[in-house]
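In: Predicted model and sequence follow; I will ask about them next.
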Amino acid sequence: MNGGILVVTAVPAETEALLAGLITPASTTVAPVGVGPAAAAAGTARLLALAEVAGSPYRAVVSAGIGGGFPDRAALGGIVLGTRSIAADLGAESPEGFLPLDELGMSREHLGGGPEIPADPTLLAQLRAALPGATVGAVLTLNTVTGTAETTRVLADRYPDAVAEGMEGHGVAVAAAQAGLPFAELRAISNPIGPRDRGAWRMRAAFDALTTAAAAFG
Ligand SMILES: O=C(O)c1cccc(C(=O)CC[C@H]2O[C@@H](n3cnc4c(=O)[nH]cnc43)[C@H](O)[C@@H]2O)c1
């Protein structure tokens, strides 16, 4: 869509939930690009490049979908807006703890967008104004869904401002950064981060929240 926003999700069900809530569908493209940061980065970069080649580049990119919420930081069925998207397992272990990619001595040109990519302030402000009930904080991107109390505690301690986790945000952010486009991340909380417990999932509430939140994209 010429000059429109590109909203990418992991799976078609998330795309459909958002499409059901758009007010002006002509100004927003919603598309599934795959699960995990690699698929999300590759799929988003391809869509951005195709639009550029067609002479109708997008003006902004949003990573949207369901996600896990840190207990007491983000409510089930609520919406989270990311202040920054963090590649929380991209780096190196050491006896002193996790070392993020930018602390491994590599030159900046090899870091892509870097292991932490901030949301565009103007785009985030627009989304916050449209979604005043949203929880705002850092969103982690992980290749592995957190499933133990220990990992939950480690991540919560390492990132005190993190409110949610997903598997795509940072990958989408890298594609947006490399295309020079504003980026933001939106997550509807489907499950608490912690010991694996399918009984605690609230998928219907999260998908309904995505549909309601879609009005923020126009
Ligand atoms: O099998 C499990 O234990 C499990 C727990 C949570 C999510 C899944 C998924 O397969 C969904 C991955 C999909 O949804 C996003 N998502 C939703 N909740 C989380 C989460 O707690 N941590 C990370 N990602 C989550 C994610 O962005 C993927 O697109 C399985």
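Out: Cool, got the structure.
In: Not counting sequence-adjacent ones, nearest residue to Leu104?
Out: Nearest-residue entry for Leu104: Ala92, 5.9 Å, with adjacent residues in sequence omitted and distances by CB to CB, 6 or more residues apart in numbering. Every C-beta, even on glycine, is put in place using the N, C-alpha and C of the backbone.
In: what's the neighbour count on the one you found?
Out: 10 (other CB atoms under 10 Å).
In: That one contacts Leu99, doesn't it?
Out: Yes - counting by CB atoms under 8 Å, Ala92 does reach Leu99; the two are 4.7 Å apart.
In: Give me the most central residue, the protein.
Out: By CA atoms, centre = their mean, the chain has its centre lying nearest to Gly169, at 3.0 Å.
In: where does that residue fall, phi/psi-wise?
Out: Dihedral angles of Gly169 (phi, psi; degrees, to the nearest 10) stand at phi -50, psi -50.
In: any idea how far Gly199 is from it?
Out: Between Gly169 and Gly199 the distance, using CB to CB, to the nearest Å, works out to 26 Å.
In: Leu111 too?
Out: According to CB to CB, Leu111 and Gly199 sit 40 Å apart.
In: again with Gly43
Out: Gly43 is 32 Å from Gly199, by CB to CB.
In: Between the two, which has more neighbouring residues?
Out: Remark: of Gly43 and Gly199, Gly43 carries more neighbours, 20 against 5, as counted by other CB under 10 Å.
In: Just the pLDDT at Gly112, thanks.
Out: Per-residue confidence at Gly112 stands at 84 (pLDDT).
In: Would you mind confirming that it is in contact with Val174?
Out: Yes - look at Gly112 against Val174 with CB under 8 Å: they come within range, at 4.8 Å.
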